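Engineer: Based on what follows, work out the 3D shape:
(chains A and B)
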Amino acid sequence: MLSSQIKLNQIVFGSCNKDFLEEIIFYGISLGADFVEIFIENTDNSSVLAEEDFITSVSPSFGRGAGIRIFKNKKDGFVSTNDLTKEGLMRSVSQAIEMLDIRDNRNRKVFNGLNKLRDYGLAKKTWIDEVPSIHEISEKLLVSTKSLKKNNKVITRKGSYSRNLQEVIIASSDGTYASDIRLHQTVGLNVIANDAQYRSSGSRRFGSSGMPNEFRIWDHEKAANDVFESSMNMLYADYVDAGQMPVILANKFGGVIFHEACGHLLETTQIERGTTPFENKLNKKIAHESVTAIDEGISEGSFGSLSVDDEGMEPEKSVLIKNGILKKFISDRAGELRTGHKRTGSGRRQNYSFAAASRMRNTYIAKGEHSKEDLINSISDGLYCKSMGGGSVGATGQFNFAVEEGYLIKNGKLTNPVKGATLIGEAKEVMPKISMCGNDLELAPGFCGSISGSVNVTVGQPHIKVDSITVGGR
Amino acid sequence: MNSKEITTQISEAADSLNLKKWDYGASFSNDYSVQVDKGEAKQLKASQKQILTIRVWNDSNLVGITTTSDISESGIQKALNQANIASDFGNKNERTEFSPLAKDPIEVKDSKKRNPVGIKKLLTLLREAEVKLLESHESIKSVPYNGLSESFYERVYANSDGAFRSYTKSQAALYLYARAEEKNKKPRSSGSVKLGYGVEDIDIESCIKDASNKTISHLNYSSIKTDKYLICFSPESFLTIINAFSSMFNARSILDGVSLSNKNSIGEKLSTEALNIYDDGLHEKNISSSPFDGEGTPTKRLCLINKGRLKNFIHSESTARIFKTIPTGHAGLGSKVSVSPDWIVVEKSEENSDLKTSLDYSTYEGEFVYIEELNAIHAGVRASQGSFSLPFDGWLYKNGKKISIESATVAGDFKYLLKNIVNIESNQEVTTSGISPHIWVDELSITGDA
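Structural biologist: Model (predicted):
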């Protein structure tokens, strides 16, 4: 049984709450709000951790809450609460009204009631019964961590799984009325290898959206081999020499750089803050003509896909950059109100306690025409970044990314592994230097933390060549 | 429902399910925050949150856990049931028990709990702060990241053995990050954060001044040549790096094989004899202090490094039992109990004759790099390997002049850094994450664009 089928005061998931929600929205409009939005959430999550050959942690959790957002002109007030009674939600509306100092309700907006419910969760109600049980998960994780034990240099082995099931109801004073059930599963493997004074680590994470069977068909042996090989390749690696050099970024998670360094600057929240150098660059060239970049929420099963965003809009496929020309920004309701850029179905939040904001979904650089070998052959002295770690972007657009697994390129060939490399630059300077895109586009799941919390995303790209970038090292 | 009533409800529900051994941790909070944009309210937020984490022990003394925000009667019942089911998967190799100190007296400081000032007052104060910051220098064009918040919360721990602890607190925070722009130059940004028990305790003027001075000081910048440099860490940046590698002091990390230390590392010489490091969660300057940890163990001051040698590890109940010592008050409640430091205090010991005291941040005239703030910690630190490569904000001091560094990273090994401390200045400064003086380190690699 879905946890949500337990009656939650007066909100009942899986049932029609139309009259109840209309009453709350009407209350907000009658007090003078321009716009009222209610986001109600019910979650049922669990996670499992395997260390070495034992399950060391099983953590179920469940919860419920509501986020109420009121707009007056371009200002908004947001109140979140665990109290889902009518009184509790009305109190939250009153609090938001008071915060915005709304006293005049004479020219009130018209609220014509909610539209017919768009229930995107209809076919998903069985998901909770179809996902693997804790027993099943535990067994597969233990097999996975065992697969990591390939020699005595591996000193730490971990496998982790998490499953998040989220039911949402979204209702707002423009008539929007939608509900959905979302399922995200992730599994990760980590090793630490050690030999005398040498130490390395390797990690990979896999994830899916929807698809309750995905964990069952996950190829743990292949994943374990990949993680093990990465840690062994890096165990005796020397530190990279710092300097400016051409770089090849691998496909899949290599796309994290585009996500962090450029993607965030194309969110309307950055225009609102005045922190993007691309604000006035629509239809202008911001990247090399070989670059086309896309953000979408519709690829089946991808970690950043969704049937409906957290503001009740179906996600669209947004071509952000086409052949180097900036074509679109990623926008949510507040972004459209404050910047004029049309919503793209990108209003997202971690949970009810965050107001939605313009956020990326599945974001990637489109494939080009070159093979990976073409790219490597074009460099006489540079760096191949096979696996990227995390990174960050500063308030002025400077980014910094750790290279988890790197190799020197000498005369068009991959040579020695190197560690300690960091890529440093600024999006507006680096984007024009992406001169070659490979034909091997692949996506990888990840979590993106920003103004509206941590959300599931996909990053991706084919292999790409950056003509010159600062590589930090020793 | 208050925390006593919740405890009674959990006890009764556990009885009805025949669960004899349980404990729980809970937090209840009300938070209010505002952001502004050029004088206009941007987003105003309020939240009421409740989180309950329940552990139960089954007949085989294995532990299961569940976390929920639903503290209705049915929610508590369900949480106990789920925890009981999860206990079938409890860790047989590392048993968890109640902390033996969960009923010891706790040191409750004067809580200095403040009353809410309300959203309108927060908004007025932040608007005024934004205006003053914008007016402080013609180059400061915006304050893109700003916020003023106040929180009021209660934390509770109780168990079936009769332990019960709770405390209530208030906390306020102000952050102002300004962006400066000048013609034909890259935009520069910097800021300041201030904490207080309540909004009235926050020195808003000093936050404005700090944010303005720091931002302006970076207006004239230059790239730096890649090389090894003498480094002076600001108190804030040194505490950042100590916290990033705190797994070195963490018994949980040692057991998990992700620490630079091992069980036998106590007594190991890590640094100059002049270095003392403590964890002191109850320090009077720690606004976020908590009198007990997630397992109900009292918080206390603990020496981590004494005269350059590793002195103690931080523990939870289970790690302490394995190490044959007592819990130190650093546990976080979870299926796998986490361990983390509270509030780091760095100081110069009495054995400081080997220090190069001529290295004084305010008077030294030789060449050095001053690291004001380290960034991207989550990406640039490999705690299990001891290495780091981090971007930073700072200056190059040369020939009696200082110039802001445009874009650079500092890289090295943490153990090397500790071993190469050449001066610990006398004056300690209070930051939002602990207390430290300026620390000088010889020969760390800097990568720049020059």
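Engineer: residues contacting A:Phe71?
Structural biologist: Under the criterion of CB atoms under 8 Å, 6 or more residues apart in numbering or on different chains, the neighbours of A:Phe71 are A:Ala33, A:Asp34, A:Phe35, A:Val36, A:Ala334, A:Leu337. C-beta coordinates here come from the backbone N, C-alpha and C atoms, glycine included.
Engineer: unless I'm mixing things up, the second one is touching A:Lys74, no?
Structural biologist: No. Here A:Asp34 lies out of contact with A:Lys74, judged by CB atoms under 8 Å, at a distance of 9.3 Å.
Engineer: So for the two, which sits in the more crowded spot?
Structural biologist: Ranked by neighbour count (other CB atoms under 10 Å in any protein chain shown), A:Asp34 and A:Lys74 place A:Asp34 first, with 20 against 14.
Engineer: I'd assumed B:Glu181 was in contact with A:Gly274.
Structural biologist: No. A:Gly274 lies out of contact with B:Glu181 (CB under 8 Å); the separation is 9.6 Å.
Engineer: all helices for the chain, in order.
Structural biologist: Defaulting to chain A. A:18-30, A:86-99, A:127-130, A:134-147, A:214-217, A:220-235, A:256-257, A:268-273, A:333-339, A:372-377, A:427-430 (DSSP state H).
Engineer: Actually, chain B is the one I wanted.
Structural biologist: With helices called from DSSP H, chain B shows them at B:3-16, B:73-86, B:119-135, B:204-217, B:235-244, B:251-255, B:317-322, B:377-380, B:414-419.
Engineer: rewinding a little: between A:Gly274 and B:Glu181, what contacts are shared?
Structural biologist: Overlap of the contact sets of A:Gly274 and B:Glu181 (by CB under 8 Å, 6+ apart) consists of B:Lys141.
Engineer: picking up where we left off before, of the helices of chain B, which shows the lowest average pLDDT?
Structural biologist: Set side by side, those give their lowest mean pLDDT on helix B:377-380, at a mean of 85.
Engineer: Now do the buried residues in that one.
Structural biologist: B:Ile377, B:Ala379, B:Gly380 (16 or more other CB atoms under 10 Å in any protein chain shown).
Engineer: How about the contacts made by B:Lys45?
Structural biologist: So B:Lys45 contacts A:Gly77, A:Phe78, A:Val79, A:Ser80, A:Ala355, B:Asp31, B:Tyr32, B:Ser33, B:Val34 (CB under 8 Å, 6+ apart).
Engineer: So which of the residues you listed is the closest to A:Phe303?
Structural biologist: A:Ala355 (22.5 Å; CB to CB).
Engineer: pLDDT wise, what is the closest one at?
Structural biologist: The model's pLDDT for A:Ala355 equals 97.
Engineer: okay but it is in contact with A:Gly77, surely?
Structural biologist: No. A:Ala355 is beyond contact range of A:Gly77, at 9.2 Å (criterion: CB under 8 Å).
Engineer: Need the residues touching each of those two.
Structural biologist: Listed as contacting both A:Ala355 and A:Gly77 by CB under 8 Å, 6+ apart are A:Arg69, B:Gln43, B:Lys45.
Engineer: Is the last one bridged to anything, and to what?
Structural biologist: So that's B:Lys45. For B:Lys45, the beta-bridge partners are A:Phe78, B:Ser33 (DSSP bridges).
Engineer: what about A:Val447, how many residues close to it?
Structural biologist: Actually, residue A:447 is Phe rather than Val. Around A:Phe447 there are 15 residues (other CB under 10 Å).
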